[in-house]
Structure formats: structure tokens, C-alpha cells
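S.K.: The sequence and its predicted three-dimensional model are supplied below.
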Amino acid sequence: MRLLIGMILVPLFLCSQSLDYSISSIPQGFGKGSNAVVRSNVMEVNIASIKSMSASYKRIVTIMNETGNEHVKGYVSYDDGIRVKDVSAKIYNSNGELIEKLKRNDFIDVSAVDGGSLYTDSRMLLLNYFPVEYPYTVEFDYTISSSNTGMLPYWYFQGDFLVDVLYSKYSVSYKSPELKPKIKEKNFDGFHIEREEIGNSIVYSTKNIKMLRDEALRPSRTNIMPHILVAPSNFYYEGFEGKIQDWKEVGQWMNTKILSGQEVLPESTVNKVKSLVAGIEDNLEKAKIIFKYVQENTRYISVQVGIGGIRPISAQEVDQVKYGDCKGLSNYTKSLLAAVGVESFYVHVEAGKDKVNLEEDFASLAQGNHVILALPYKGQYYWLDSTSQIIPFGYIADFTDDRDVLVIKPEGGELHRTRSYGDEQNIQQTTGWYRIDHQGNIEGEVNIKTQGTQYGDHYYLDTMEALEIDKYYKNYWSNVNNFHLLSYGFENDKENVRFEEDVKFKAEKYATTLEEKMMFVANTFNNHQYIPPRYRARNFPFEIQRGFLDKDEYRIKLPEGYEVESLPDETDLTSEFGRFHLSFSAIENGEIQVSRNILLKKGHYPKEDYQAFRSFMRSIAKHDKSKIIIHKKTQP
């Protein structure tokens with residue numbers, strides 16, 4: 001579910017007849033090295049009344065290569081609450097000559113949902129054009145109207161990497177002063193963005209923004225790209241008027257207008273879930289049973305960005321059809337919990353790998369793209385995501401963890417922070433052994449236990465087919481040539497959120513043979529070779545959003561008649577980013593013991609520290625490639 005509609009509602013026109021769309025017309029200094037050049041990106045929003053809004057959008061973009069096709073953005077979404085009044089496109093070749101015109105009937109009209117009849121009104125119009133040569137230019141525009149004025153389009157003046165922007169403009173006009181929206185400017189520093197307010201209109205514009213290059217470990221786009229958030233103070237949405245100044249009022253309005261009446265369940269279902277928790281007094285244990293019931297009896301359907309509104313389908317409808325989007329499934333779970341006497345709260349969150357907070361000082365309905373639940377228990381919240389049929393109860397790592405979210409309580413909304421997984425909680429423990437034979441082949445066994453965010457990187461293995469698992473391990477141990485998976489077994493402990501893997505394998509010619517000697521990389525099982533890219537001049541600060549701890553212990557069994565000639569020195573590295581330890585020791589019975597630990601710390605760092613971080617990671621990669629030399633024993 002997406003509450004934001006800024007990528008769907010979008011801008012007005014420039015007079016295209018006076019523009020030259022040939023490649024030669026792109027100003028000097030733009031277009032070189034970019035995937036696309038946005039010649040003009042304009043949106044005009046008009047709030048005619050509390051129950052009437054329209055938005056006109058025109059985007060003129062030159063696509064320089066195949067990678068740039070994603071920047072056409074030739075689509076518009078609609079449903080019962082959004083009417084597409086007009087949509088069209090024109091295509092020009094590299095000489096600026098018109099080669100194709102497309103009207104509404106030429107667009108592909110598709111469902112915005114991956115399945116489910118409850119959402120048949122949620123649709124998208126997609127530009128139906130496949131380029132045969134590059135560069136080419138697309139002039140795309142549409143106009144929409146809606147009686148819902150609760151969500152106004154936000155706007156990114158530059159929102160993509162390797163894209164030049166020659167002109168970008170956003171304007172909003174309003175009929176009367178009480179309809180004037182509030183606007184928050186973000187990341188304007190370093191960009192020349194003009195704001196003009198004339199009468200009942202506000203206009204933002206900028207020009208000649210050169211492309212930005214993406215950088216590893218950069219902050220989220222919402223924290224670096226120039227954009228504005230726009231929200232009404234007085235509005236009408238899905239049958240209800242509202243006035244919002246802060247998050248408390250957002251919660252109050254959501255409770256009384258949007259969520260009220262959606263929690264009713266069939267009596268038969270209420271009786272069923274009550275029987276499931278009969279005799280159980282502890283609310284947390286009741287919640288776990290209800291959560292499992294939802295996982296086993298419903299499925300999630302994805303509703304595309306901007307569609308579906310913020311009102312969940314009723315719990316009764318979900319109970320009947322056994323599916324829903326995040327809003328519907330969360331509301332259904334909340335209703336089931338209430339039926340067995342367990343209180344929970346509906347939560348709006350901006351979900352994703354990047355941690356994005358709701359704006360503390362800028363309350364709006366349009367923030368957040370996902371819904372989960374908050375379950376209060378003994379002074380803390382357990383966070384429940386009802387959209388997955390396989391995740392453990394309360395597990396939210398990598399998707400909704402460690403960010404400010406809106407918890408909607410009966411008395412109003414409150415911002416709270418979801419659970420953060422500490423560096424040493426995100427642990428992977430690897431133990432094992434392998435034996436080298438006289439031809440340099442190896443065979444061994446590995447045990448891997450993961451918890452915290454690292455659990456999320458492994459637990460899905462339990463749902464994969466054999467061929468996919470074989471492919472996974474060949475990629476996971478890509479440092480081992482000629483790898484063959486012999487057997488595997490998994491244990492997914494959802495109660496303690498721990499995943500365990502037992503793997504048997506072999507590989508030919510792992511060790512290099514040199515007459516009477518063999519040489520091989522000792523760290524077979526957890527070899528980190530990631531080195532952050534080098535930048536001549538880095539632009540952005542960097543973040544380690546989630547730290548982790550790896551602990552590795554394993555033995556290497558030498559071929560009979562061989563002994564150690566050379567072992568790498570013990571290594572200990574310590575920096576502000578973490579620490580690394582690697583040691584080797586020859587033990588009895590012709591074996592080598594390898595001990596390795598790496599701790600990477602979560603943190604936000606200035607760009608000036610990037611080179612030091614890169615050096616730290618490069619050193620780890622270097623030592624993880626340390627080689628051992630063994631030779632045949634001298635005959636007495």
C-alpha cells in the first residue's frame with residue numbers, strides 16, 4: 001500500500017511547438033555520461049474546493065540509452081477516486097522529428113494489483129512504446145481530477161541518478177486561504193530552487209541541475225535529493241472532511257473516519273479464534289496464535305504505488321476472500337486480536353531497505369507506504385507484519401526496523417521508533433571442517449547459525465526448491481571453484497528467530513599443487529571480498545545502516561604425509577567502523593585451526609571518512625585471502 005501519490009499525480013505544459021527536441025539542442029555540459037536528460041518536468045495542482053482537485057503533468061525527457069528507459073515514467077494510475085481526464089504522448093527521434101503520437105486508446109490499461117477481485121477498480125495506464133534506436137525523446141502528459149484532496153502530490157526536482165534536469169517546476173493554486181497547503185522543503189542546500197508566492201498560488205522552479213552519480217552506502221534519496229512535501233490543512237478524503245495540524249490529529253481522524261466500522265468479524269470466526277486461545281491468559285501467547293492463524297489462512301496481494309487509498313477493506317471481507325493488501329491484512333489481524341481481548345494499534349510506516357522516518361514536524365496522510373501493527377506488552381511494542389506467511393512473530397528486520405512510524409491509538413496518533421537490531425544481535429556463527437586430499441580436492445561440512453538481520457538473509461532457504469538451493473550455495477561460496485553441494489538440512493527456529501544450516505560439500509582442485517607443496521586460501525567458508533568502490537571525489541556522506549557480527553571457527557585436515565610450511569600471521573584490526581580478527585594455529589593430528597571474527601558497526605559518517613572505511617574493508621579482504629603452504633614431510 002502506498003499513501004504517497006507524488007509519482008502518480010504530476011505537472012502542466014510548456015508549449016512544445018517552440019521547443020527543439022534534437023540531440024544537438026541539449027545545452028553543452030549536459031547529456032554526456034547521463035542515461036537521460038529531463039528537458040522539462042512540470043506539475044500544476046489546482047485545489048478548486050475542499051472536494052475538488054486537479055493535477056496536470058507534462059514530462060519531456062530524452063532517453064540516451066537502454067538503461068535510461070526507466071526514466072520515461074510514462075504511466076498514470078487511477079481508481080474510483082481518481083479520474084484520468086486526458087493522457088497522451090509523442091515520440092521524437094534523435095533529430096527532433098515526430099515519429100509517433102499516442103492517445104489514450106494507445107495506452108495499455110492494466111490492473112495495478114497482482115490478484116484479487118476486491119481491487120478491480122485499481123488500474124494503470126502504461127505508455128505502449130518500444131524504442132528501436134537511441135537517443136529518442138518522449139513528451140508525456142496527463143490531467144487527472146479527484147474529489148479527494150487529502151493527499152497532494154509531492155515533488156522531486158531531481159530524483160534519479162545519472163539524469164540531467166534542464167527545467168523542473170511545481171505549482172499549486174488554491175481557491176481560498178483556508179485551502180492553502182503547507183509545504184516542507186528538503187535538501188535544498190546546493191541547489192538553486194526559487195519559490196514564488198503570488199495571490200493564491202505557490203510556485204517552485206529550478207533549472208540546469210547536472211546529473212548526480214550514485215555512490216555506495218549513500219543515505220536514502222529522501223535525505224539527499226531536493227524535494228518538497230505538500231499537505232492540506234483542510235481536506236476531504238474518501239467521504240470525510242478533515243483538518244490536520246499534527247500527528248495526534250492524523251491518528252484521531254484515521255480512527256474515527258477511516259478505520260471505524262472496518263473491524264467487524266463474522267460471529268463464527270470470533271468463536272473460532274476464541275477456541276484457539278482457550279485457557280491461555282498471556283496476551284503475547286494469544287497474539288502469537290492469532291498471528292499464525294492469519295499466516296495460515298490468508299495471502300498477501302500487492303497493490304501498486306498510489307492505488308487503493310488509505311482505507312482498509314473490512315475484516316469481514318478479508319475473512320471471506322482470504323486475501324488482502326497490507327492495510328486489509330493488518331486490520332484483519334487487529335480485529336482478530338481484539339476478538340480475543342488483545343489490544344493492538346494500526347501503524348503507518350515508510351517500509352524498505354533504507355530507513356526512512358516520518359517527518360516529526362510535518363504531519364500528513366501522504367507519508368508512509370506500508371501498514372503494520374504495534375502490540376503493547378509489558379512496557380514495549382512488538383511489531384507485527386501480517387503480509388508474510390513465513391516470517392516469525394515480531395520479526396521486522398531489513399524492512400520496517402529502526403525508524404519513526406505513526407502508531408494510531410484511540411486517543412490519537414503518536415510517533416514511535418520501531419525495533420533496532422544491534423550490531424552484535426545480527427550474528428552469524430560458522431563452524432565446520434574440510435579435508436584436503438593429495439590431489440588438492442577438498443570435502444567437508446559446515447554449520448551456519450544466523451540471528452537478527454542476518455536471519456533475514458538466510459531463512460527463506462527453507463522455502464526454496466533443490467535446484468535453487470544448489471545455485472544459492474554455489475553463489476554463496478563463489479570463492480570455491482568446482483563447488484559441489486552434497487547434502488543440506490535446515491532448522492528454522494521461529495520462536496527464537498534463529499536459522500541453522502548443515503551443509504556437506506566437495507570441490508575439486510581447491511588447493512594448488514606445486515611439486516611437493518600445496519597452497520590454498522584458508523578461509524573457505526566466510527570470505528569477505530567486498531571492497532567499497534573508489535571515488536575520485538565523493539559527494540555524499542555514507543551510512544552503515546545495519547551492523548553485524550560474524551564468528552567463525554573451523555578446522556582444516558591435511559593430507560596424510562603433509563605438514564605446515566607457512567601459516568599467515570595473526571591479524572587484529574580495529575577502527576571506528578569495527579574490528580577484525582583472524583588467526584591460524586597448527587594443532588595435533590595434522591590439523592589447522594582457523595579462528596575469525598568480524599564486527600561492523602552501524603553508523604553515520606561524513607564523506608571525509610569514506611577512504612578510511614574503504615581501507616578498513618580492503619584490509620579485511622586482503623587478510624581473508626591469506627594462504628597456507630603445506631609440504632610433504634621429509635622422510636627420516
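M.R.: Looks like it arrived, so ask away. Numbering: from 1, shown residues only.
S.K.: Centroid-nearest residue for the protein?
M.R.: residue 352 (2.9 Å; C-alpha atoms, centre = their mean).
S.K.: so where do the strands sit in the stretch 351-500 of the chain?
M.R.: 370-377, 380-384, 404-409, 412-417, 427-436, 442-451, 483-493, 498-507 (DSSP state E, counting those that start in this stretch).
S.K.: quick one, what contacts the nearest residue to residue 232 once chain neighbours are set aside?
M.R.: Among residues not flanking residue 232 along the chain, residue 181 sits closest, at 5.1 Å (C-beta to C-beta, 6 or more residues apart in numbering). Any C-beta I mention is one placed from the backbone N, CA and C, and that applies to glycine too. For residue 181, the contact set (C-beta atoms under 8 Å, 6 or more residues apart in numbering) comprises 47, 152, 172, 174, 202, 230, 231, 232, 233.
S.K.: Could you do residue 413 as well?
M.R.: 247, 248, 249, 250, 251, 252, 254, 363, 406, 407.
S.K.: So which of the residues you listed are in strands?
M.R.: Counted as lying in strands by DSSP state E, out of the contacts of residue 413, are 406, 407.
S.K.: hmm, which of the contacts of residue 181 are the buried ones?
M.R.: 47, 152, 172, 174, 202, 230, 231, 232 (16 or more other C-beta atoms under 10 Å).
S.K.: Check these against residue 36 and report the nearest one.
M.R.: residue 230 (25.0 Å; C-beta to C-beta).
S.K.: Extract the residue ranges of this structure that are flagged as low pLDDT.
M.R.: 1-18, 114-121, 303-308, 636 (pLDDT under 70).
S.K.: which stretches of the stretch 251-400 of the chain form helices?
M.R.: 267-276, 283-297, 315-321, 326-339 (DSSP state H, counting those that start in this stretch).
S.K.: how about those helices in a markdown table, adding distance to residue 533 and mean neighbour count?
M.R.: Below are those laid out as a markdown table (distance: least, C-beta to C-beta, whole Å; neighbours: other C-beta atoms under 10 Å):
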| stretch | distance to residue 533 | mean neighbour count |
| --- | --- | --- |
| helix 267-276 | 52 | 14 |
| helix 283-297 | 40 | 18 |
| helix 315-321 | 46 | 20 |
| helix 326-339 | 35 | 26 |
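S.K.: Out of these, the one nearest residue 38 is which?
M.R.: helix 326-339 (31.9 Å).
S.K.: Could you check the angle that closest one makes with strand 380-384?
M.R.: 130 degrees (axes from the mean of the first three to the mean of the last three C-alpha atoms, to 10 degrees).
S.K.: In space, what's closest to residue 214 - neighbours in sequence excluded?
M.R.: residue 161 (4.1 Å).
S.K.: Oops, could you answer that again for residue 195 instead?
M.R.: Of all residues not flanking residue 195 in the chain, residue 204 sits nearest, at 5.4 Å (C-beta to C-beta, 6+ apart).
S.K.: Now for the residue nearest to the residue nearest to the centre of the chain when sequence neighbours are not counted: which residues touch it?
M.R.: Spatial nearest neighbour of residue 352, chain neighbours left out: residue 399 (6.8 Å); criterion: C-beta to C-beta, 6+ apart. Neighbour list for residue 399: 351, 352, 353, 385 [criterion: C-beta under 8 Å, 6+ apart].
S.K.: redo that, cut-off 10 Å
M.R.: Contacts for residue 399 (C-beta atoms under 10 Å, 6 or more residues apart in numbering) come out as 349, 351-353, 355, 370, 372, 385, 387-388, 391, 418, 456.
S.K.: Please apply the same query to residue 243.
M.R.: Residue 243 neighbours (C-beta under 10 Å, 6+ apart): 178, 232, 233, 234, 235, 249, 253.
S.K.: so it bridges to which residues?
M.R.: For residue 243, the beta-bridge assignment (DSSP bridges) gives partners residue 234.
S.K.: For residue 257, see how far away it is.
M.R.: 12 Å (C-beta to C-beta, to the nearest Å).
S.K.: Among the contacts of residue 243, which pair sits farthest apart?
M.R.: 178 and 253, at 16.8 Å, using C-beta to C-beta across the contacts of residue 243.
S.K.: More neighbours: which of those two?
M.R.: Legend: neighbour count by other C-beta atoms under 10 Å for residue 178 and residue 253, higher for residue 253 (23 against 11).
S.K.: Surely the more buried one is in contact with residue 364?
M.R.: No. Contact criterion C-beta atoms under 10 Å: residue 253 and residue 364 do not qualify, at 11.4 Å.
S.K.: which residues do these two both contact?
M.R.: Contacts common to residue 253 and residue 364, judged by C-beta under 10 Å, 6+ apart, are 150, 235, 244.
S.K.: what's the last one in contact with, if anything?
M.R.: Read that as residue 244. Taking C-beta under 10 Å, 6+ apart as the test, what residue 244 contacts is 150, 182, 231-235, 250-254, 363-365, 413.
S.K.: how much space between it and residue 367?
M.R.: According to C-beta to C-beta, residue 244 and residue 367 sit 11 Å apart.
S.K.: what do these two both touch?
M.R.: With C-beta under 10 Å, 6+ apart as the test, residue 244 and residue 367 both reach 231, 250.
S.K.: ok, then the element right after the helix or strand where residue 54 lies?
M.R.: Per DSSP states H and E, residue 54 falls inside strand 52-63. Later in the chain than strand 52-63, the nearest helix or strand by DSSP H and E is strand 75-78.
S.K.: Pairing partners for that next one, with directions?
M.R.: Partners of strand 75-78 in its sheet, by DSSP bridges: strand 123-126 (antiparallel).
S.K.: Next, count neighbours for residue 471.
M.R.: 13.
S.K.: Could you do the one 3 residues further on as well?
M.R.: When neighbours are counted by other C-beta under 10 Å, residue 474 registers 15.
S.K.: so how far is residue 494 from the closest residue to it other than its chain neighbours?
M.R.: In this structure, residue 474 finds its nearest non-sequential neighbour in residue 483, 5.4 Å apart by C-beta to C-beta, 6+ apart. As judged by C-beta to C-beta, residue 483 and residue 494 stand 30 Å apart.
S.K.: now the contacts of residue 243 as JSON lines including distance to residue 538?
M.R.: Listed next are the contacts of residue 243 as JSON lines, based on distance: C-beta to C-beta, whole Å:
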{"residue": "178", "distance to residue 538": "47"}
{"residue": "232", "distance to residue 538": "39"}
{"residue": "233", "distance to residue 538": "41"}
{"residue": "234", "distance to residue 538": "45"}
{"residue": "235", "distance to residue 538": "42"}
{"residue": "249", "distance to residue 538": "42"}
{"residue": "253", "distance to residue 538": "44"}
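S.K.: closest to residue 70 among those?
M.R.: Nearest to residue 70 among the contacts of residue 243 is residue 232, at 30.9 Å by C-beta to C-beta.
S.K.: nearest to residue 516, of the strands of the stretch 351-500 of the chain?
M.R.: Using C-beta to C-beta, the strands of the stretch 351-500 of the chain put strand 427-436 closest to residue 516, at 14.5 Å.
S.K.: So which bits of the closest one are buried?
M.R.: Across strand 427-436, burial judged by 16+ other C-beta under 10 Å covers 427, 428, 429, 430, 432, 433, 434, 435, 436.
S.K.: Which strands or helices does it pack on?
M.R.: Under the contact criterion of 3 or more C-beta pairs under 10 Å, 6 or more residues apart in numbering; DSSP states H and E, strand 427-436 touches strand 442-451, helix 453-456, strand 498-507, strand 517-521, strand 548-557, strand 591-600.
S.K.: and those, which is most packed in?
M.R.: helix 453-456 (a mean of 24; mean count of other C-beta atoms under 10 Å).
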